[in-house]
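Chemist: can you look at this prediction? I've put the sequence above it.
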Amino acid sequence: MEGDAMLSRLIFSSCNFFALLAEGKDEGLHGSHEEGYRWFCKKKEESWVKKVGELTCRHEIEVGDLKKRMEADKLQLKADREALDVQKNAFAEEKEGLKASVVQATGDNQWLIEHGFEQVVTYLLHSTVFNSALGDVYTKLLNYGKHLGLVVGFNLVKIGGLQ
């Protein structure tokens, strides 16, 4: 098992080594295979260090950008909350004003019911025009009632019910 791992590592290293040779990077490979392997590992490590450095730099830039965006979002959220507080206070004031209007309207309605109609009726009863029209209606009602009474009486006499 250990031999298989060693063999696969050797094959992997050889493939990478020959790939570098194919690219023409054969400087310093004039010694033994072990020196070539060390040189290859050193170059590989340098490339990884360079990539890690680039990624670290990119990561720091992105983290900085995210922090700036987060601070901007915090400020925006704070401004939105303050605006909502202002609107909430304005709404509360408007609500109190509406409550006062409802109380006033209720009071006016109550006064109209208790006193307003009484004044209208009093005005009408003291009005000569209204009283003359009311008198005419009353007179006509009396005349109509007399007429109906006469008709009923006449019909009773006609059928012989009244003697």
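Modeler: Good, I have the coordinates.
Chemist: check which element follows the host helix or strand of K67 along the chain.
Modeler: Using DSSP states H and E, K67 sits within helix 33-111. Toward the C-terminal end, the helix or strand that comes next after helix 33-111 (DSSP H and E) is helix 117-125.
Chemist: check the offset of that next one from the chain's centre.
Modeler: 54 Å (Cα atoms, centre = their mean, to the nearest Å).
Chemist: how about stretch 82-94?
Modeler: 16 Å.
Chemist: what is the mean pLDDT for it?
Modeler: Mean pLDDT, stretch 82-94: 94.
Chemist: buried residues of that stretch, list them for me.
Modeler: Within stretch 82-94, no residue counts as buried by 16 or more other Cβ atoms under 10 Å. Heads up, the C-betas are built off the backbone N, CA and C, glycines and all.
Chemist: render the CA-only coordinates of that stretch in CSV, please.
Modeler: Provided in CSV are the C-alpha atoms of stretch 82-94 (Å, rounded to 0.1, in the frame of the first residue of the first chain):
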residue,chain,number,x,y,z
GLU,A,82,-35.0,58.1,11.3
ALA,A,83,-37.3,58.9,8.4
LEU,A,84,-39.8,56.3,9.7
ASP,A,85,-39.6,57.8,13.2
VAL,A,86,-40.4,61.3,11.7
GLN,A,87,-43.3,59.8,9.8
LYS,A,88,-44.5,57.9,12.8
ASN,A,89,-44.5,61.1,14.9
ALA,A,90,-46.4,63.0,12.1
PHE,A,91,-48.9,60.2,11.9
ALA,A,92,-49.4,60.3,15.7
GLU,A,93,-50.0,64.1,15.6
GLU,A,94,-52.5,63.7,12.7
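Chemist: returning to what we had before: which other helices and strands contact the helix holding K67?
Modeler: Judged by 3 or more Cβ pairs under 8 Å, 6 or more residues apart in numbering; DSSP states H and E, the packing partners of helix 33-111 are helix 2-22.
Chemist: contacts only, for G145.
Modeler: Counting by Cβ atoms under 8 Å, 6 or more residues apart in numbering, G145 makes contact with nothing.
Chemist: host element of it?
Modeler: Going by DSSP H and E, G145 is part of helix 128-159.
Chemist: perfect, that will be all.
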